[in-house]
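1. here is the input, now give the coordinates:
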Amino acid sequence: MARIIRIALDLTLISLRNVGPVVSKAWFSAKDYFTTTSAKPLVANRFITKAECTIDKVNETLTQKVQKMRDSLLPKELEYLEKEIEKLQPHQYVQL
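-> Coordinates of the predicted model:
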């Protein structure tokens, strides 16, 4: 069970690390565009700046917590894999 959870956490980490920069780039491109139009006050204000900082901190915190959870499962997975290897070793050699 720990192995399945660890794989799910690995996929979550990969998603967080890959999706975050894409969304960030898209947001800053849109924000850059809007600052050249009459909608500038909507994106160039203190509330948006604080929201950007908050979202960035939440993303970092979430990534750290998921990584910590994944790392805590690694010893259990190692123990499981060692037991599986021990089960296979007696049957590994074929008598001719």
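
2. geometric centre of this protein: which residue is closest?
-> The chain has Leu13 as the residue nearest its centroid, 2.0 Å off, counting by CA atoms, centre = their mean.

3. which residues touch the residue nearest to Leu62 when sequence neighbours are not counted?
-> Counting by CB to CB, 6 or more residues apart in numbering, Leu16 is the residue found nearest to Leu62 once chain neighbours are left out, at 6.6 Å. In this view, the C-beta of every residue, glycine as well, is placed from N, C-alpha and C. Shown in contact with Leu16 (CB atoms under 8 Å, 6 or more residues apart in numbering): Asn59, Leu62, Thr63, Val66.

4. next, the buried residues of the one helix or strand Leu16 maps to.
-> Assigned by DSSP states H and E, Leu16 belongs to helix 2-35. Buried residues in helix 2-35, defined by neighbour count with 16 or more other CB atoms under 10 Å: Arg6, Leu9, Thr12, Leu13, Gly20.

5. and the contacts of Leu16, which are buried?
-> Buried residues within the contacts of Leu16, counting neighbours by 16+ other CB under 10 Å: Asn59, Val66.

6. for the contacts of Leu16, which one is nearest Phe34?
-> Asn59 (22.1 Å; CB to CB).

7. nothing else from me, thank you.
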